[in-house]
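A.B. asks: Test case, fold it:
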Amino acid sequence: MDILIAVINVLIFLALAPLFEGVVRKLYAKVQSRMGPPIFQPYYDLLKLLGKETLSAGNWAFRIAPMMALASIITAVSLMPLGYTPGFLTQYGDIITIIYLLALGGVSVLLGALSSKNTYAMVGASREMVTMIMVEPVLAMTLILGALKAKSLAIDASIASSLGGSYGFSMVLMLVVFLMALQAFVARQPFDIAEAEVEIMEGPFIEYSGPGLALFKYYMMIKQMFYAALFVAVFVPLVYTGYFFVDVAVQLVGILVVFVLIALLGSTNPRLRIDQAVKYYAILIAASLVAVGLSVYGI
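C.D. replies: Numbers count the residues shown, from 1 in each chain. Now for the predicted structure:
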């Protein structure tokens, strides 16, 4: 049964991540008074790219980077206890493993961009590196806070720590910080600085086409859904019935609400400059450290 749950987790993310991306695109268009693409357009885009010829503008690192990125996020998904039910692989990892896997995805993007030797890709890679250094600590502090409350580094215990009723001021503060960092986690406006389509033409991905670009786009969609699911699981202890499929369905509704929020924030805010974003990230890191410090004292 544990193996089946891990497989179901991965299949849910693989199947629904493009759909949530389609919802975001549609809402972007509605807010900007446009018709927008069909909600299933991301599926068509992925299939079209996968059917194209593979062109390589770099060395072996350029070719394996998209596969590394997708593999890292799928592994992270397989460890996540969707519906608060741990899968077979959850016991073999802890919150440090999750942090490493998410960082590996970002490193894969950097690897592909730097190996392409394109100037715009280099600029995008440098911005991606700054974003990783400044934003990943907020994710780490969020998971560490859960671990402190659960007194365990286990993934399922840390993520579900709020279910035990230990929802103090520190958790509320971290919720606010995570919400403020959410757009940066998923690389949406005003923090889509590394890609910046108009400015540097998708930056790290500019030299990618065909299957390589499809894998990177799929990675980004699943990554968005992962962060939305993490927010719901950690901070929004919705109705917990103990029935796996009911709890998964409730969490998916919560994830949809988070995506609506991402779309509304992204479509109504202009992109920040990298120096403005760094100042913003610094405030979030300081606030997340305060939240962890307060949780140590049981506040």
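A.B. asks: Could you tell me which ranges of this protein sit under the pLDDT cut-off?
C.D. replies: Scanning the chain for pLDDT under 70 picks out the ranges 1, 58, 162-166, 194-201, 238-239.
A.B. asks: how about a cut-off of 50?
C.D. replies: Scanning the chain for pLDDT under 50 picks out no residues.
A.B. asks: Excluding chain neighbours, what is closest to Val24?
C.D. replies: Leaving aside its sequence neighbours, Val24 sits nearest to Ala263 (CB to CB, 6 or more residues apart in numbering; 4.4 Å). In this view, the C-beta of every residue, glycine as well, is placed from N, C-alpha and C.
A.B. asks: Work out for me the element that neighbour sits within.
C.D. replies: Element membership for Ala263, per DSSP states H and E: helix 244-267.
A.B. asks: Now that helix - C-alpha only, PDB.
C.D. replies: Below are the C-alpha coordinates for helix 244-267, written out as PDB (Å, rounded to 0.1, in the frame of the first residue of the first chain):
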ATOM      1  CA  PHE A 244      -6.500   9.000   1.900                       C
ATOM      2  CA  PHE A 245      -8.400   9.900  -1.200                       C
ATOM      3  CA  VAL A 246     -10.700  12.400   0.700                       C
ATOM      4  CA  ASP A 247      -7.700  14.100   2.300                       C
ATOM      5  CA  VAL A 248      -5.900  14.300  -1.100                       C
ATOM      6  CA  ALA A 249      -9.000  15.800  -2.700                       C
ATOM      7  CA  VAL A 250      -9.300  18.400   0.000                       C
ATOM      8  CA  GLN A 251      -5.600  19.300  -0.400                       C
ATOM      9  CA  LEU A 252      -6.000  19.600  -4.100                       C
ATOM     10  CA  VAL A 253      -8.800  22.100  -3.600                       C
ATOM     11  CA  GLY A 254      -6.500  24.000  -1.300                       C
ATOM     12  CA  ILE A 255      -3.700  23.900  -4.000                       C
ATOM     13  CA  LEU A 256      -6.100  25.300  -6.600                       C
ATOM     14  CA  VAL A 257      -6.900  28.200  -4.300                       C
ATOM     15  CA  VAL A 258      -3.100  28.900  -3.900                       C
ATOM     16  CA  PHE A 259      -2.700  28.900  -7.700                       C
ATOM     17  CA  VAL A 260      -5.500  31.400  -8.000                       C
ATOM     18  CA  LEU A 261      -3.600  33.600  -5.500                       C
ATOM     19  CA  ILE A 262      -0.400  33.100  -7.500                       C
ATOM     20  CA  ALA A 263      -2.200  34.200 -10.700                       C
ATOM     21  CA  LEU A 264      -3.800  37.300  -9.100                       C
ATOM     22  CA  LEU A 265      -0.600  38.500  -7.500                       C
ATOM     23  CA  GLY A 266       1.500  37.800 -10.700                       C
ATOM     24  CA  SER A 267      -0.900  39.500 -13.000                       C
END
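A.B. asks: Give me the contact list for it.
C.D. replies: With CB atoms under 8 Å, 6 or more residues apart in numbering as the test, helix 244-267 has contacts from 5, 8, 12, 16, 20, 23-24, 27-28, 31-32, 82-85, 182-183, 186, 188-190, 192, 224-225, 228-229, 231-233, 236, 238-241.
A.B. asks: and if you look at stretch 128-137?
C.D. replies: Under CB under 8 Å, 6+ apart, the answer for stretch 128-137 is 99, 102-103, 106, 109-110, 113, 181, 184-185, 187, 191, 193-194, 203-204, 274, 277-278, 281-282, 284-285, 288.
A.B. asks: List the buried residues of it.
C.D. replies: Buried residues in stretch 128-137, counted by 16 or more other CB atoms under 10 Å: Glu128, Met129, Val130, Thr131, Met132, Met134, Val135, Glu136, Pro137.
A.B. asks: so Val109 touches Ala69, yeah?
C.D. replies: Yes. Look at Val109 against Ala69 with CB atoms under 8 Å: they come within range, at 6.2 Å.
A.B. asks: which residues do those two both contact?
C.D. replies: Taking CB under 8 Å, 6+ apart as the criterion, Val109 and Ala69 both touch Phe216.
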